[in-house]
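Trainee: pasting the sequence and the predicted coordinates here, then a few questions.
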2 protein chains.
Amino acid sequence: MSKDALPDLAQQLHSVAIHLLRRLRRTDDRMGLSGPRASALSVLVFGGPASLAQLAKAEQVKPPTMARLVDALEAAGLARRETDKSDLRAVRIRATPKGRKLLLEGRARRLRQLTQLLEAATAPERAAMTTAVSTLRRLLKQSD
Amino acid sequence: MSKDALPDLAQQLHSVAIHLLRRLRRTDDRMGLSGPRASALSVLVFGGPASLAQLAKAEQVKPPTMARLVDALEAAGLARRETDKSDLRAVRIRATPKGRKLLLEGRARRLRQLTQLLEAATAPERAAMTTAVSTLRRLLKQSD
DNA sequence: GCAATTTCGTTAGCTATGCTAATTAATTCG
DNA sequence: CGAATTAATTAGCATAGCTAACGAAATTGC
């Protein structure tokens, strides 16, 4: 691979990431939950109850932004704020059974759709994607 | 590659795309231009002058949304609305020299950063990423 | 050739997501 | 105990997305 191909790869990587996410968002929409809300709920479902600050950090947003997302999840009956007995300033945010169910269904739907998309790839192509994904994860982590 | 790895790949693909774009946005911020604005300007710089409807379609947003982006680009002196002599309803939107300069500089900066990131990959890893990118482009295009 | 329709863009107004600054309440530390 | 720190909320701002409704121009059809 020539050195000159690197900027080109970078450019195409950028473009394809944008288009991929745009596509995935369509499926998330069927969950009736926006990307940020679905993502926050996902942290609660897979990571368990968390404080607002923890949730904000996990989603890389500021606390006021996360507070509003939690407001929306709560209003939809998908999460609950609970008081933390050991620190009365803090709140424990927990996914409700309804929230857990909705998220798991949405995730299954997205995985079905994505899996279907990826099934059109040949075995070597899938292998290349697997390598590419783990490489990118490493590079992003290193330069954090 | 086992069949069971596909959903897992899908999941990681999703995650890595989110993190990659999050990282790239940091660099774009230095251009002093939000993502949507930079993206619209990019269409003008690389695709030439366009009508509002064409621009909206290219960016997959509705006309009112694009109109506001163009307002902002115009206010910043980066693009101009021109009247179309052959259709007095339409506007031709064109990047100004200043807009072109800003975008090209930003693009160069992003490419430098991304190229730097990718330089930490081994040759086979780069090859895998190249294959992965073109595969994804094909899959996304097919299922449009 | 003129009326009806369609098209292009804008305006108005709503929702959502992000931010910072300031506030309140609780905890910790000196 | 009082001061500083921490957790969350409130208020207010900017950006970006949408739909609905409108005016002006172009096109269609009779």
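Mentor: Looks like it arrived, so ask away.
Trainee: the residue nearest the centre of chain A: what's it in contact with?
Mentor: Residue closest to the average C-alpha location in chain A (CA atoms, centre = their mean): A:Ser39, at 4.4 Å. Contact analysis of A:Ser39 by CB atoms under 8 Å, 6 or more residues apart in numbering or on different chains lists A:Glu59. The C-beta positions use only the backbone N, C-alpha and C, and glycine is treated the same way.
Trainee: DNA strand C versus that one, what's the distance?
Mentor: Here the criterion is CB to the nearest atom of the strand, to the nearest Å. By it, A:Ser39 lies 8 Å from DNA strand C.
Trainee: quickly find the element holding that residue.
Mentor: Applying DSSP states H and E as the criterion places A:Ser39 in helix A:35-47.
Trainee: could you point out which element follows that helix?
Mentor: Going down the chain from helix A:35-47, the next helix or strand is helix A:52-58, by DSSP H and E.
Trainee: ok, and does that following helix reach over to DNA strand D?
Mentor: Yes - counting by CB under 7 Å from any atom of the strand, DNA strand D is contacted by helix A:52-58 at A:Leu52, A:Ala53, A:Gln54.
Trainee: is it true that the first one touches A:Val91?
Mentor: Which is A:Leu52. Yes - assessed by CB atoms under 8 Å, A:Leu52 is found in contact with A:Val91 at 5.7 Å.
Trainee: can you give me the strands in chain A?
Mentor: For chain A, applying DSSP state E gives strands covering A:79-83, A:91-95.
Trainee: just name the most buried of those strands.
Mentor: Per-stretch averages of neighbours, counted by mean count of other CB atoms under 10 Å in any protein chain shown, single out strand A:91-95 among the strands of chain A, with a mean of 21.
Trainee: so, in contact with chain B or not, stretch A:133-144?
Mentor: Yes - part of stretch A:133-144 sits near chain B under the criterion CB under 8 Å from any CB of the partner chain, namely A:Val133, A:Ser134, A:Thr135, A:Leu136, A:Arg137, A:Leu139, A:Leu140, A:Gln142, A:Ser143.
Trainee: in that stretch, what counts as buried?
Mentor: Residues of stretch A:133-144 classed as buried: A:Val133, A:Thr135, A:Leu136, A:Leu139 (neighbour count, 16 or more other CB atoms under 10 Å in any protein chain shown).
Trainee: for the second one, what are its contacts?
Mentor: The contact partners of A:Thr135, by CB under 8 Å, 6+ apart, come to B:Ala121, B:Glu125, B:Ala128, B:Met129.
Trainee: counting neighbours, which of those residues comes out on top?
Mentor: Counting neighbours by other CB atoms under 10 Å in any protein chain shown, B:Met129 leads the contacts of A:Thr135 with 26 neighbours.
Trainee: what about stretch A:66-81, average pLDDT?
Mentor: Summarised as a single mean, pLDDT over stretch A:66-81 is 97.
Trainee: would you put the C-alpha positions of it in CSV?
Mentor: The C-alpha coordinates for stretch A:66-81 follow below in CSV (Å, rounded to 0.1, in the frame of the first residue of the first chain):
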residue,chain,number,x,y,z
MET,A,66,-27.9,14.2,30.6
ALA,A,67,-30.5,15.4,33.1
ARG,A,68,-32.8,16.3,30.3
LEU,A,69,-32.3,13.0,28.6
VAL,A,70,-33.2,11.3,31.9
ASP,A,71,-36.2,13.5,32.3
ALA,A,72,-37.4,12.3,28.9
LEU,A,73,-36.7,8.6,29.8
GLU,A,74,-38.5,9.0,33.0
ALA,A,75,-41.5,10.7,31.4
ALA,A,76,-41.7,7.8,29.0
GLY,A,77,-41.6,5.3,31.9
LEU,A,78,-38.3,3.8,30.7
ALA,A,79,-36.1,4.9,33.6
ARG,A,80,-36.5,6.0,37.3
ARG,A,81,-34.6,8.3,39.5
